[in-house]
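Visitor: model this:
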Amino acid sequence: MKRKLNHDATMDGIMRATPATIRVVLQHAMLCVGCPIASFHTLSEAAREHDLDEDRLRRDLEAAIKSGDVD
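Guide: Numbers count the residues shown, from 1 in each chain. Next comes the predicted model:
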């Protein structure tokens, strides 16, 4: 199933729905894993907070979702 992320998706929701995205979050040096704010921070807010390009982050997360790899 192809899943697109929108700017309102929370970081916690993304990571819980597809654990393969955790690797992407860590590769981008984001602090969302285990962060109590992750359940409130949207993808857009997290990208802005970590000074990341939102479109690139979204593409990387969607690639991880598509692959489904957990390693």
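Visitor: just for the protein, where's the confidence low?
Guide: For the chain, the stretches with pLDDT under 70 are 1-3, 69-71.
Visitor: for it, which helix is longest?
Guide: In the chain, assigned by DSSP state H, the helix with the most residues is helix 54-67.
Visitor: Tabulate the CA atom coordinates of stretch 7-21 in CSV.
Guide: Listed next in CSV are the C-alpha coordinates belonging to stretch 7-21 (Å, rounded to 0.1, in the frame of the first residue of the first chain):
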residue,chain,number,x,y,z
HIS,A,7,2.0,18.0,6.9
ASP,A,8,-0.4,17.3,9.8
ALA,A,9,0.9,13.8,10.6
THR,A,10,2.5,13.7,14.0
MET,A,11,6.0,12.3,14.4
ASP,A,12,4.9,9.8,17.0
GLY,A,13,2.1,8.6,14.8
ILE,A,14,4.5,8.2,11.9
MET,A,15,7.0,6.2,13.9
ARG,A,16,4.4,4.0,15.6
ALA,A,17,2.6,3.2,12.4
THR,A,18,5.8,2.3,10.6
PRO,A,19,8.8,1.6,12.8
ALA,A,20,11.1,1.6,9.7
THR,A,21,10.8,5.4,9.8
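Visitor: Other residues contacting that stretch?
Guide: For stretch 7-21, contacts defined as C-beta atoms under 8 Å, 6 or more residues apart in numbering pick out 3, 5, 22, 25, 30, 32-33, 35, 38-44, 46, 54, 61, 64-65, 67-70. (C-beta placed from N, C-alpha, C; glycine too.)
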